[in-house]
Structures are given as structure tokens and as C-alpha cells.
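Trainee: this one's structure only:
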């Protein structure tokens with residue numbers, strides 16, 4: 001059974017205590033049987049976060065409270081899509097009561113399905129993988145899910161907000177991140193009965209994620225040389241530059257190449273690689289020197305220290 005309602009609502013000129021509302025009656029059901037009710041609600045935004053602003057009861061039992069309705073609002077169209085399971089009364093009817101302490105609460109659509117139908121479960125196996133200019137969010141598939149929503153919190157924001165919806169694969173790369181900012185992520189599975197509960201929150205900090213091999217270099221004095229490979233994943237566009245510091249006593253180090261142009265943000269292109277050639281001279285004494293390798297692109301930068309042992 002599906003009923004589309006364009007303008008049905010409870011209106012009040014001034015907010016006040018809950019003492020009125022509106023009711024929808026659905027007869028013709030099998031008495032005492034389970035039914036799943038799906039609602040599309042509009043104008044549910046409130047002036048504060050009290051959980052009594054817009055409640056829904058089914059045959060006298062509270063089915064939805066305002067907090068659950070607000071959490072289900074889709075920012076794209078400001079509609080709340082919610083569902084719950086109830087039983088028809090002994091006469092085979094379902095009575096839905098909508099109580100409101102705020103004006104212009106609207107019901108845009110009602111769908112009643114026979115039996116118990118529930119939204120997908122919360123996704124599991126959620127991880128956030130930090131890289132240069134991106135955070136990759138991954139999760140395990142959820143039975144009954146037709147798509148997924150990714151929410152993010154970061155930059156001092158107190159609450160999660162959707163950053164992607166309609167995802168049909170179990171991965172999402174967030175490219176709209178700032179350097180050295182901690183972000184939290186949650187994933188929601190969406191099915192034919194609406195949105196399921198959010199996953200646990202996972203955190204990540206976007207950084208350069210620079211790696212070098214070998215991590216320690218040993219050279220012979222006089223004219224010894226070695227190559228150090230520096231690799232990283234470039235997920236933002238710009239000029240990736242490398243610099244070296246800490247050289248003394250005739251030790252020389254040169255990047256080949258010293259800069260790389262990243263034309264476009266493509267997390268799937270693979271790592272960017274450059275080589276650092278380190279060479280001693282006759283004036284380089286035995287001992288350990290610490291070279292500082294720096295990489296930078298856009299707002300992202302990172303430095304690593306590489307011990308160089310001269311024998």
C-alpha cells in the first residue's frame with residue numbers, strides 16, 4: 001500500500017506545547033499482523049534539539065521521536081525518510097498520529113509493507129587510510145545494501161556531515177582534506193527500507209606519507225656513493241618538490257629529479273618515485289651524518305631523517 005501526500009501537515013501559527021497534531025488511518029489490514037511503515041517527512045527542522053518537537057505514534061505506541069527523524073534528513077532535499085515496524089490493531093487498522101510543537105510539519109508519502117522489513121545493518125571493517133592529500137575510506141559489504149553514505153567530521157566540526165552518497169562500491173577517497181587535520185569518518189548502508197545505523201567512527205590525519213629505502217646508508221670514505229629511493233602517493237595536483245639538508249664535511253646529495261609535476265589528482269596512478277644520490281669526498285671524515293629529506297606539494301609537506309654512516 002502506498003499513499004502519496006503532497007500537502008498534508010499540521011500547522012500552527014506559533015510554537016507551543018504539544019496539544020494537537022494530525023492523524024492518518026489505514027484500515028483493511030490483517031488484524032494483529034506485522035507491517036513495516038515507511039514515511040517521507042518534510043519541514044522537520046527545529047529551533048532546538050528537544051526530542052518532543054515531532055513524534056510519531058502507531059496505534060498508541062511511540063514509533064519515532066524527533067531526534068531519530070532529524071538524524072535521517074537528507075541534506076540534498078531536506079526530506080526525512082524513516083521506517084519502523086508495527087502491528088495492526090484487532091480491527092485490522094493502523095493509526096498513525098503525528099504530534100508537533102512547531103509549525104508546518106509535513107508528511108509527503110506513506111508506504112506500508114506486509115511483514116517486517118528493516119534497513120541494512122551498520123557497516124563493519126571500516127578503516128581510514130591517510131595519504132598525501134587524501135584519506136581513503138574502506139569497509140566490508142553489507143547484506144541488503146544498495147548504496148552507501150560516507151560522513152565526515154573534521155576541522156573542529158562537532159558533528160558528522162555527509163560528504164558522499166549513492167556509492168555503490170565499498171570505498172571512497174576523500175580529496176577535500178587539509179594537511180595535518182584530524183578527520184573522523186562513518187559509513188551508512190542504504191537499502192530499500194532506508195538508511196541503516198552508522199558504523200563506528202574511524203580517524204585519520206592527511207599527510208605526505210613519505211617513505212625511503214634503504215632507511216640507513218653506509219658509505220666508504222673518499223668516493224663512496226649510494227642511491228636512496230623516495231616514494232609517496234600523490235593524490236593532489238601541483239609540483240612535487242624535494243630538498244635535502246644536513247650535509248657537511250664534503251658529503252654531497254642530489255635528487256634526480258628534484259621536482260615532479262602532478263597533472264591531476266588520481267589516487268590510482270601509483271606512487272611517485274625520485275632518487276637521492278649520496279656521495280662522499282676525500283674530505284668527508286668517518287662517522288654518522290643525518291640527512292634531512294623534505295618533500296612538499298601544495299599545502300602538504302613532510303621531512304624524514306636518514307642516517308648516513310661513513311666508514
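Mentor: The structure has been received and is ready for your questions. No experiment lies behind these values; they were computed from the predicted model shown. Residues are numbered from 1 along each chain as shown.
Trainee: where do the helices sit along this structure?
Mentor: Residue ranges of the helices in the chain, as given by DSSP state H, are 66-71.
Trainee: give me the low-pLDDT residue ranges for it?
Mentor: For the chain, residues meeting the criterion pLDDT under 70 lie at 1-21, 43-54, 75-76, 100-105, 131-133, 207-209, 233-238, 262-271, 298-300.
Trainee: if we look at the sheet, which residues does residue 136 bridge to?
Mentor: residue 129, residue 173 (DSSP bridges).
Trainee: quick one: it and residue 206, what's the gap?
Mentor: 10 Å (Cβ to Cβ, to the nearest Å). For every residue, glycine as well, the C-beta is placed using N, CA and C.
Trainee: out of these two, which sits in the more crowded spot?
Mentor: Comparing residue 136 with residue 206 by other Cβ atoms under 10 Å, the one with more neighbours is residue 206, at 27 against 19.
Trainee: My guess is residue 181 contacts residue 155. True?
Mentor: Yes: contact status for residue 181 versus residue 155: in contact at 5.7 Å, counting by Cβ atoms under 8 Å.
Trainee: Which one's more surrounded, those two?
Mentor: For the pair residue 181 and residue 155, the greater number of neighbours falls to residue 181 (14 against 10), based on other Cβ under 10 Å.
Trainee: Would you map the strands across the stretch 51-200 of the chain?
Mentor: With DSSP state E, counting those that start in this stretch as the criterion, the stretch 51-200 of the chain has strands at 54-58, 61-64, 73-74, 79-87, 94-100, 105-114, 127-131, 134-138, 147-154, 161-167, 171-174, 182-191, 194-198.
Trainee: any idea how far stretch 251-264 is from the chain center?
Mentor: 33 Å (Cα atoms, centre = their mean, to the nearest Å).
Trainee: ditto for stretch 187-206
Mentor: 8 Å.
Trainee: what number of residues lie near the closest residue in space to residue 94 that isn't next to it in sequence?
Mentor: Once flanking residues are discounted, residue 94 sits nearest to residue 26: 4.5 Å by Cβ to Cβ, 6 or more residues apart in numbering. Neighbour count for residue 26, taken as other Cβ under 10 Å: 18.
Trainee: Please verify my assumption that residue 26 contacts residue 91.
Mentor: No: applying Cβ under 8 Å, one finds residue 26 not in contact with residue 91, separated by 11.4 Å.
Trainee: quick one: the strands in the stretch 201-311 of the chain?
Mentor: Going by DSSP E, counting those that start in this stretch, the stretch 201-311 of the chain shows strands at 202-205, 211-213, 217-219, 225-232, 238-245, 252-256, 259-262, 272-279, 287-297, 300-310.
Trainee: Distance to residue 124 added to those, as JSON lines?
Mentor: Listed next are the strands of the stretch 201-311 of the chain as JSON lines, based on distance: least, Cβ to Cβ, whole Å:
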{"stretch": "strand 202-205", "distance to residue 124": "11"}
{"stretch": "strand 211-213", "distance to residue 124": "29"}
{"stretch": "strand 217-219", "distance to residue 124": "43"}
{"stretch": "strand 225-232", "distance to residue 124": "30"}
{"stretch": "strand 238-245", "distance to residue 124": "36"}
{"stretch": "strand 252-256", "distance to residue 124": "43"}
{"stretch": "strand 259-262", "distance to residue 124": "34"}
{"stretch": "strand 272-279", "distance to residue 124": "33"}
{"stretch": "strand 287-297", "distance to residue 124": "34"}
{"stretch": "strand 300-310", "distance to residue 124": "31"}
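Trainee: okay, those strands in TSV with mean neighbour count and distance to residue 149 next?
Mentor: Putting the strands of the stretch 201-311 of the chain into TSV (neighbours: other Cβ atoms under 10 Å; distance: least, Cβ to Cβ, whole Å) gives the following:
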stretch	mean neighbour count	distance to residue 149
strand 202-205	17	15
strand 211-213	14	33
strand 217-219	18	47
strand 225-232	16	30
strand 238-245	16	30
strand 252-256	15	43
strand 259-262	15	30
strand 272-279	16	32
strand 287-297	17	30
strand 300-310	17	27
